[in-house]
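1. What would the 3D arrangement of this be:
(chains A and B)
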Amino acid sequence: MESLPLQGSRETGSLLSRWFQQLDPRRCFTILDLAGAQPATMQLLSGYRCKVYCADLLDVLCIPDKMTLPDAARIFDDRLAFIGSGVIDYCLLWDYPNYLPPPLLTVFARRLQGYLHVGSRMHLFAAMHGRSQLFPWRYSIESDHTLVRKAVRRPIPDYPHTQMEVVDAMEYVRLDRGTLRDGRVEVLLECV
Amino acid sequence: MAMFDKKKNPQETTVNVASVTLKAPETQRSEPIPQSPSNHGGKPAVIGTTIQVSGDIVGGENLLVEGHVEGTIKLEKHDLTIGVTGTAHANLTAKLVRIEGEVVGDVVGIERVVIASSGRVRGNITAPRVLVEDGARFKGMIDMDFAEKSHEKGHRNGATIEAAVNRAAAS
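-> The predicted model follows:
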């Protein structure tokens, strides 16, 4: 397999490696990556039998404050409609929930649910607490235990959510978690 | 049957075709025939920057698209490059597909698909290996479900790729 020069800082994601340990290489899985098609992630996933849906939602963060929730729901639907209903086994949310104010997080969680199934798993970074300072990163997976993160150049307003706030918004999940630096908590969620 | 359609701008040519077949001419020479450069990294056939093709393109050599193509391109044993200035609103099938320009449509790479840093793709990609360079833009689904990757190494189970090729041809 070719290797590309990978830029950005690296960190070990302790929970992410659990996913890869559990993957059956004989079985095809389906994954949704909200960071879009990132070089390192695609290089890694090329070693697996999988279908990867790439939906970069960062520009949805520019939803005007006065937009109604139904309008926001329509925008999420437009961006995710290319995914089949209930097909996603694994979802890489990264820190996307932290850029959605609480009402929008709830809307997003409900729209996303249609693409998941019981047993689907999600990976995300929640905030340690509501005052945590977050930095906008675009993540990719370099290996089963190493993440690469690159700074998003433009400033993005953030709304740090703790893992419990995320779980409350996603009423259909249960929680597993580990702590990382920089005020972030790595979270695995499983749809129930 | 091809129909050529000159636009007012003499620099720009539009070609409407039902089907175009790209094939190296056969020769009657007695001396050894040189290997087709298309199979060995030589210059590919080129659809130039001012050419617009509407229809189906089938080929027996490598192809570089720097113009605009609407329809389908099928080069199952050869390589296809959508160049930096190239745009394809088309379904593409080739042994290796490299996208440096813009593609809207489904892409099947028998061996590999590469989206270069300047590449922009909206559609579904089916290939055993997909390489995305930093800066590339993609929206859609990437299907890398090939059984031979994991437990049938060296013995290709072509069911997925065959199905994808058929889908691309049918649409």
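2. Which strand runs longest in chain B?
-> Longest strand in chain B, counting residues (DSSP state E): strand B:68-82.
3. That strand pairs with which strands, parallel or anti?
-> According to DSSP bridges, strand B:68-82 forms sheet pairs with strand B:51-59 (parallel), strand B:63-65 (parallel), strand B:87-99 (parallel).
4. So for residue A:168, which of these sits nearest?
-> Closest approach to residue A:168 among the strands paired with strand B:68-82 is made by strand B:87-99 (42.1 Å; C-beta to C-beta). All C-beta atoms are positioned from the backbone trio N, CA, C, and that covers glycine.
5. Now do residue A:123 against residue A:185, distance only.
-> Distance, residue A:123 to residue A:185, by C-beta to C-beta, to the nearest Å: 12 Å.
6. For the two, indicate the residue with more neighbours.
-> Set side by side, residue A:123 and residue A:185 show more neighbours around residue A:123, with 23 against 19, by other C-beta atoms under 10 Å in any protein chain shown.
7. and that one, that's in a helix?
-> No: using DSSP: H, G, I helix; E, B strand; the rest coil, the assignment for residue A:123 is strand, not a helix.
8. thought it was touching residue A:190?
-> No: using C-beta atoms under 8 Å, residue A:123 is not in contact with residue A:190; the gap is 10.7 Å.
9. Tell me where chain A is predicted with low confidence.
-> A:1-8, A:13, A:59-65 (pLDDT under 70).
10. Can you tell me which residues in it are near chain B?
-> A:1-2, A:4, A:7, A:25-26, A:28, A:36-39, A:42-43, A:45-56, A:82-83 (C-beta under 8 Å from any C-beta of the partner chain).
11. Strands of chain B, start to end?
-> So, for chain B - with DSSP E - the strands run B:2-6, B:13-22, B:45-47, B:51-59, B:63-65, B:68-82, B:87-99, B:102-104, B:107-115, B:120-122, B:125-126, B:130-132, B:137-143.
12. out of those, deepest packed?
-> strand B:125-126 (a mean of 27; mean count of other C-beta atoms under 10 Å in any protein chain shown).
13. which other helices and strands contact that one?
-> On a contact count with 3 or more C-beta pairs under 8 Å, 6 or more residues apart in numbering or on different chains; DSSP states H and E, strand B:125-126 meets strand B:107-115, strand B:137-143, helix B:159-170.
14. Can you list the strands that it pairs with?
-> Note on strand B:125-126: by DSSP bridges, its sheet partners are strand B:107-115 (parallel), strand B:137-143 (parallel).
15. Show me the strands in chain A, by range?
-> Using DSSP E, strands in chain A cover A:9-12, A:29-33, A:50-54, A:88-94, A:116-127, A:137-143, A:146-151, A:173-179, A:184-191.
16. Tell me which residues touch the spatially most central residue of chain A, please.
-> In chain A, the residue lying closest to the centroid (C-alpha atoms, centre = their mean) is residue A:93, at 0.8 Å. Counting by C-beta atoms under 8 Å, 6 or more residues apart in numbering or on different chains, residue A:93 touches A:34, A:122-124.
17. still on that earlier bit, any chance of the strands of chain B in JSON lines, with distance to residue A:178 too?
-> Putting those into JSON lines (distance: least, C-beta to C-beta, whole Å) gives the following:
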{"stretch": "strand B:2-6", "distance to residue A:178": "63"}
{"stretch": "strand B:13-22", "distance to residue A:178": "55"}
{"stretch": "strand B:45-47", "distance to residue A:178": "52"}
{"stretch": "strand B:51-59", "distance to residue A:178": "52"}
{"stretch": "strand B:63-65", "distance to residue A:178": "48"}
{"stretch": "strand B:68-82", "distance to residue A:178": "43"}
{"stretch": "strand B:87-99", "distance to residue A:178": "38"}
{"stretch": "strand B:102-104", "distance to residue A:178": "39"}
{"stretch": "strand B:107-115", "distance to residue A:178": "33"}
{"stretch": "strand B:120-122", "distance to residue A:178": "35"}
{"stretch": "strand B:125-126", "distance to residue A:178": "33"}
{"stretch": "strand B:130-132", "distance to residue A:178": "28"}
{"stretch": "strand B:137-143", "distance to residue A:178": "28"}
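18. Nearest to residue A:70, out of these?
-> strand B:137-143 (23.5 Å).
19. from memory residue A:124 sits against residue A:96, does it?
-> Yes: using C-beta under 8 Å, residue A:124 is in contact with residue A:96, at 7.2 Å.
20. these two touch, right, residue B:105 and residue B:88?
-> Yes: counting by C-beta under 8 Å, residue B:88 is a contact partner of residue B:105 at 6.5 Å.
21. circling back: dump the strands of chain B to TSV, plus mean pLDDT and distance to residue A:115.
-> Formatted as TSV, those follow (pLDDT from 0 to 100; distance: least, C-beta to C-beta, whole Å):
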stretch	mean pLDDT	distance to residue A:115
strand B:2-6	39	44
strand B:13-22	62	39
strand B:45-47	96	38
strand B:51-59	95	34
strand B:63-65	97	34
strand B:68-82	96	30
strand B:87-99	97	25
strand B:102-104	98	23
strand B:107-115	96	23
strand B:120-122	96	19
strand B:125-126	96	19
strand B:130-132	93	21
strand B:137-143	94	12
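22. Can you tell me which of these is nearest to residue A:114?
-> Among the strands of chain B, strand B:137-143 sits nearest to residue A:114 (C-beta to C-beta), with 16.2 Å.
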